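S.K.: I would like the atomic coordinates for the input below:
(one chain, ligands or ions: 2)
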Amino acid sequence: MDRFVVKRPRGDAGSSGQRPRPEEPAPEQPRWQEIRAEGLSCDYRVLFGKAEADEILQQLEEQVEYFEGEMTKVQVFGKWHEIPRKQVTYGDPELTYTYSGVTFSPKPWIPVLNRIRERVTSDTGHTFNFVLINRYKDGEDHIGEHRDDERELVPRSPIASVSFGACRDFVFRHCASRGKKATRHIKPIKLQLAHGSLLMMKYPTNVYWYHSLPPRKRVLAPRVNLTFRKVMAIAKK
Ligand SMILES: O=C(O)CCC(=O)C(=O)O
Ligand SMILES: [Mn+2]
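M.R.: Ligands and ions are numbered 1, 2, ... in the order given. Prediction:
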């Protein structure tokens, strides 16, 4: 993430170079870090302080009910696999969302999800009617490279990704730089998504860049990620 960490100039924390005294206000942190590359536009910030993030994580762990049975499988190149994490969707009742060959109907909103959703809206001005929640029990759980480009998404709407628990690496890879057929050498962009953080993935990021949360064997603690989305109501057949 160091490419994007905004560093204070030396000597900025008080002219003497000494530590700030306790009565001095904390040095100004920029609210948003802008992450930009060709075809990529994301903004990152810590949205919830530690105490509030701890409280929310506890509520999520107690109240979110993850999918079970058939809903825990995804189709990749025609084969069904057990997903290496837990997953569930919540949202407005008329919506559905198809992801890796599975159509999800959302569960009705619960207060802890509305609390996070409202905070994201008041901070960004964007509204959301759907959330996909992923729970990674430890560093073995992961999500493979993909784009969030499902046809149900309102065109050009941003996706708000809020994370709680273990800090995990998150990697963006440009579509022209993937695998053996890569036509260009564009460096991947690696972020670390902290406890209580918000990553806004804005248009056209999901047109050109894939993202993943790779396995990290050394991570022992759980992580819960919520991607708030704006989904169109599509007439059911
Ligand atoms: O866990 C994360 O940070 C990413 C989740 C994700 O990419 C997704 O739900 O589409
Ligand atoms: Mn995604």
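S.K.: wait, what's in contact with the residue of the chain found nearest ligand 1?
M.R.: Residue nearest to ligand 1 within the chain (Cβ to the nearest ligand atom): N225, separated by 3.3 Å. In short, each C-beta sits where N, CA and C put it, glycine included. If a contact means Cβ atoms under 8 Å, 6 or more residues apart in numbering, then N225 has 133-136, 161-164, 193, 213 as its contacts.
S.K.: ok, Q63 touching R115?
M.R.: No - counting by Cβ atoms under 8 Å, Q63 stays clear of R115, with 11.1 Å between them.
S.K.: more neighbours: these two, which one.
M.R.: R115 (14 against 11; other Cβ atoms under 10 Å).
S.K.: ligand 1 contacts on the protein?
M.R.: 132, 134, 143, 148, 161, 163, 170, 193, 211, 213, 225, 227 (Cβ under 6 Å from any ligand atom).
S.K.: for E52, give me its contacts.
M.R.: E52 sits in contact with G196, where contact means Cβ under 8 Å, 6+ apart.
S.K.: checking the nearest residue to F104 once chain neighbours are set aside next. Helix, strand or coil?
M.R.: Leaving aside its chain neighbours, F104 sits nearest to T89 (4.4 Å; criterion: Cβ to Cβ, 6 or more residues apart in numbering). What DSSP: H, G, I helix; E, B strand; the rest coil gives for T89 is strand.
S.K.: and for T89, the neighbour number?
M.R.: T89 has 21 nearby residues by other Cβ under 10 Å.
S.K.: same deal with T127?
M.R.: Neighbour tally, T127, other Cβ under 10 Å: 12.
S.K.: tell me which element the residue lying closest to it once chain neighbours are set aside falls in.
M.R.: Nearest non-adjacent residue to T127, counting by Cβ to Cβ, 6+ apart: T121, 5.5 Å away. If you go by DSSP states H and E, T121 is part of helix 111-124.
S.K.: beta partners of I189?
M.R.: When assigned by DSSP bridges, I189 has beta-bridge partners F172.
S.K.: so it sits right up against L199, yeah?
M.R.: No - look at I189 against L199 with Cβ under 8 Å: they stay out of range, at 11.4 Å.
S.K.: give me the low-pLDDT residue ranges for this structure?
M.R.: By pLDDT under 70, the low-scoring segments of the chain are 1-30, 235-237.
S.K.: tell me the spacing between the spatially most central residue of it and W32.
M.R.: Residue closest to the average C-alpha location in the chain (Cα atoms, centre = their mean): S161, at 2.9 Å. For S161, the distance to W32 equals 14 Å [Cβ to Cβ, to the nearest Å].
S.K.: can you verify the residue of the chain closest to ligand 1 is assigned to a helix?
M.R.: No - counting by three-state DSSP, N225 is not part of a helix but strand.
S.K.: can you give me the helices in the chain?
M.R.: Per DSSP state H, the chain carries helices over the ranges 50-63, 111-124, 205-208.
S.K.: any idea which of those helices is most buried?
M.R.: Mean neighbour count, computed with mean count of other Cβ atoms under 10 Å, is highest for helix 205-208 among these, reaching a mean of 18.
S.K.: if anything else comes up later, I'll come back, but that's it for now.
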